[in-house]
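[1] whatever this is, show me its structure:
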Amino acid sequence: MELLNKNITNPVDRPVKVAQFGEGNFLRAFVDYMIDIANEKGLFDGSIVLIRPIGFGDIDHMFLDQDCQYTLQLRGRVEGEPYVETRQITSVKNIVSPFRDYEEYISTAKIDTLRFVVSNTTEAGIVYNPEDRFEEKLNITFPAKLTQFLLTRYETFNGDPEKGLVMLPVELIDDNGIELKKCVMKYIDLWNLDEGFRNWVDQACIFTSTLVDRIVTGYPRADAEKIWNELGYQDNILDTAEPFALWVIESEKDISKEWPMDQALQDKTGMDVIFTDNQKPYKQRKVRILNGAHTSFVLASYLKGNDFVNQSMQDPIMKDFMLKTIHEEVIPTLTLPKEDLEQFADAVVDRFNNPFIQHSLLAIALNSVSKWKARCLPSFLGYVERFGKLPERLTFSIASLMAFYSSTNLTDGVLKGTRGEDTYDIKDDPAVLEFFRDNSAKDTREFVHAYLSNTAFHGQDLTVIAGLEDKVTEYLDVIRSEGMEKALEKYFG
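    I've put the predicted structure just below:
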């Protein structure tokens, strides 16, 4: 079978506009996909040079053997219906590596048409290390590499303000663009670089902060050959993802005309690019609806007998529990327009129902105590403040968490919980596991009081909330005596 190459895709030769630090599955299924569509629609007319930010592994040849052409397949549900989209991505022009050929890599900074820098160097990638030395070219952090990259461009074009670059980091940290710029400025100071360069970075370059959301499942090992046979060619860097995509781009300067990805996706259901000067409401929406829904129902669903998210969505009582948590207890506490929130919630349901993604409930259960504080507590408190009563399902989720964590068997840093005859691992911070080991065998009321009053877990004493201690005790007593399934049927059936 022929290997995918340019003779099959027939790509248009476009000027390089994007330097992308990261060649991984996520960027290829997210940014490169959007650029490909924007090119096709005549909105962008630019290509990408992939830059490998790390030295280990030898995958450059996999891209070069295919002329950097690859296939992306989106698989899932959109508006409740099955959805599969297969696309040959032709937006990537080349892949370079500082570790393989430094001069080829740094020459990317000298390309006249270059305008954007995209990065995904993991959450640990945007860091400042005062031990980094300017003369080092390889073993330095990504922000240090970026500083050298920008300096090369500054010197090549004699500080021309028209040759500044737009940074679009997608690393999963708060205010990623702000943090990246801080690091670059620290390296300028550390290395005593020219003041003119500092001013050029500050004024001619734009550092956006972004929020991204798409589940990327990557190379489909189990059914790659089946897909190859359907496509009629072999693709060793085939990528897969869910249909949903969200990119919120916060910038002090409007870049939407230069980076028209929102227009590119206008007819793509379940995909959105939002330009804003404040991404916080969108992050709150994601954390409170998507992540909050996960955290509020997965522990109860697991104890009821389910193992995966999409399996839980086929369980009528769990699906109803999740929907009413979102629509009746979370959305009323948020600030974005209700229509936007409900559309996002509908997309969440499609994502949870995706038959191509087996999302383990136990994987989501990791560190649930801190997750509940971050994802559910703000909605819980907002509901109490607005309505003057307890949100029933979020309250039940506290009892479910306590039931899930109930165990006195702490072995090798892991609590051992039981579901019927099965044993499962409970993984969290040592202090959390030790608390449950020492308290979960106590009388229910005493256990509940100890948990709700633990300010280290919640940042405050939750026993002061009227009726909460009594209600969680009631729920947990029923879970303990009758089991999770009967408890759910009793209160929410």
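[2] in terms of pLDDT, where does residue 59 sit?
    On pLDDT, residue 59 comes in at 86.
[3] mind listing what the residue in the chain sticking out farthest from the centre touches?
    Most distant from the centre of the chain: residue 443, at 39.6 Å, with distances by Cα atoms, centre = their mean. With contacts defined as Cβ atoms under 8 Å, 6 or more residues apart in numbering, residue 443 has no neighbours. Yep, even glycine has a C-beta here, placed from its N, CA and C like the rest.
[4] measure it to residue 490 for me?
    The gap separating residue 443 from residue 490 is 21 Å, by Cβ to Cβ, to the nearest Å.
[5] so what are the domain limits for this structure?
    6-276, 284-492 (automatic domain parsing).
[6] any low-confidence regions in the chain?
    Residues of the chain meeting the criterion pLDDT under 70: none.
[7] swap in 90 and give it another go.
    53-59, 122-124, 139, 172, 269-270 (pLDDT under 90).
[8] nearest residue to the middle of it?
    Short answer for the chain (Cα atoms, centre = their mean): residue 213, at 4.9 Å.
[9] spatially nearest residue to that one, not counting backbone neighbours?
    residue 246 (4.2 Å; Cβ to Cβ, 6 or more residues apart in numbering).
[10] contacts only, for that neighbour.
    211-214, 271-274, 282, 286.
[11] repeat for residue 243
    Contacts of residue 243 (Cβ under 8 Å, 6+ apart): 74-78, 83, 85, 269-271, 350.
[12] measure residue 323 to residue 348 for me?
    For residue 323, the distance to residue 348 - Cβ to Cβ - is 10 Å.
[13] what about those two, which has more around it?
    Higher neighbour count among residue 323 and residue 348: residue 348, with 21 against 17, using other Cβ atoms under 10 Å.
[14] now that one, nearest residue through space, not along the chain?
    residue 290 (5.2 Å).
[15] now for the one you found, how many residues are close by?
    Residues lying near residue 290 (other Cβ under 10 Å) number 21.
[16] one more: the one 10 residues further on?
    The number of residues packed around residue 300, counting by other Cβ under 10 Å, is 29.
[17] tell me the SS of it?
    Each residue gets one of three states, and residue 300 gets helix by DSSP: H, G, I helix; E, B strand; the rest coil.
[18] quick one: neighbours of the residue nearest to it when sequence neighbours are not counted, just the number.
    Closest residue to residue 300 apart from its sequence neighbours, by Cβ to Cβ, 6+ apart: residue 400 at 3.9 Å. The tally of other residues near residue 400 (other Cβ under 10 Å) stands at 29.
[19] can you tell me how far residue 400 is from residue 430?
    22 Å.
[20] which secondary structure elements does the one helix or strand residue 351 maps to sit against?
    Residue 351 belongs to helix 338-352 when elements are defined using DSSP states H and E. On a contact count with 3 or more Cβ pairs under 8 Å, 6 or more residues apart in numbering; DSSP states H and E, helix 338-352 meets strand 70-78, helix 280-285, helix 309-312, helix 316-324.
[21] can you give me the angle it makes with strand 70-78?
    110 degrees (axes from the mean of the first three to the mean of the last three Cα atoms, to 10 degrees).
[22] with only the CA atoms kept, save helix 338-352 in PDB.
    C-alpha atoms of helix 338-352 as PDB (Å, rounded to 0.1, in the frame of the first residue of the first chain):
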ATOM      1  CA  LYS A 338     -27.900  31.400  29.300                       C
ATOM      2  CA  GLU A 339     -28.100  30.400  25.600                       C
ATOM      3  CA  ASP A 340     -24.300  30.100  25.300                       C
ATOM      4  CA  LEU A 341     -24.200  28.000  28.500                       C
ATOM      5  CA  GLU A 342     -26.900  25.700  27.300                       C
ATOM      6  CA  GLN A 343     -25.300  25.200  23.900                       C
ATOM      7  CA  PHE A 344     -22.000  24.300  25.700                       C
ATOM      8  CA  ALA A 345     -23.900  21.900  27.900                       C
ATOM      9  CA  ASP A 346     -25.500  20.200  24.900                       C
ATOM     10  CA  ALA A 347     -22.000  19.700  23.400                       C
ATOM     11  CA  VAL A 348     -20.900  18.300  26.700                       C
ATOM     12  CA  VAL A 349     -23.600  15.600  26.500                       C
ATOM     13  CA  ASP A 350     -22.500  14.700  23.000                       C
ATOM     14  CA  ARG A 351     -18.900  14.400  24.200                       C
ATOM     15  CA  PHE A 352     -19.900  12.200  27.100                       C
END
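[23] hmm, who's touching whichever helix or strand comes after that helix?
    Next helix or strand after helix 338-352 toward the C-terminus (DSSP H and E): helix 361-364. Helix 361-364 is contacted by residues 294-295, 298-299, 301-302, 306-309, 312, 424-425 when judged by Cβ under 8 Å, 6+ apart.
[24] could those residues be laid out in CSV, adding distance to residue 159?
    Listed next are the contacts of helix 361-364 as CSV, based on distance: Cβ to Cβ, whole Å:
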residue, distance to residue 159
294, 49
295, 50
298, 53
299, 57
301, 58
302, 59
306, 60
307, 59
308, 55
309, 52
312, 57
424, 60
425, 57
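[25] out of those, which one sits closest to residue 227?
    Set against residue 227, the nearest of the contacts of helix 361-364 by Cβ to Cβ is residue 308 (22.6 Å).
[26] what about that closest one, how many residues nearby?
    20.
[27] surely it touches residue 356?
    No. The criterion here is Cβ atoms under 8 Å, and residue 308 misses it with residue 356 at 11.9 Å.
[28] pull out the buried members of the contacts of residue 243.
    74-78, 83, 270-271, 350 (16 or more other Cβ atoms under 10 Å).
[29] hang on, the earlier thing: what residues does the residue nearest to residue 348 make contact with?
    Counted by Cβ under 8 Å, 6+ apart, residue 290 has contacts 213, 344, 348, 351.
[30] residues touching residue 432, list them.
    369-370, 405, 457.
[31] got it, and residue 145?
    21, 53, 98.
[32] for the last one, grab phi and psi.
    The reference is to residue 98. phi -60, psi -30 (degrees, to the nearest 10).
[33] kindly report the same for the first one.
    Here is the backbone geometry of residue 21 (degrees, to the nearest 10): phi -80, psi 100.
[34] most neighbours out of the contacts of helix 361-364, which is it?
    residue 298 (29 neighbours).
[35] got a list of contacts for stretch 473-483?
    303, 395-396, 398-400, 402-403, 444-445, 447-448, 486-487, 490-491.
[36] related to what we said a few turns ago, any chance of the contacts of residue 432 in a markdown table, with distance to residue 8, secondary structure and neighbour count too?
    What follows is the contacts of residue 432, written out as a markdown table (distance: Cβ to Cβ, whole Å; DSSP: H, G, I helix; E, B strand; the rest coil; neighbours: other Cβ atoms under 10 Å):
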| residue | distance to residue 8 | secondary structure | neighbour count |
| --- | --- | --- | --- |
| 369 | 51 | helix | 21 |
| 370 | 48 | helix | 15 |
| 405 | 53 | helix | 23 |
| 457 | 56 | helix | 19 |
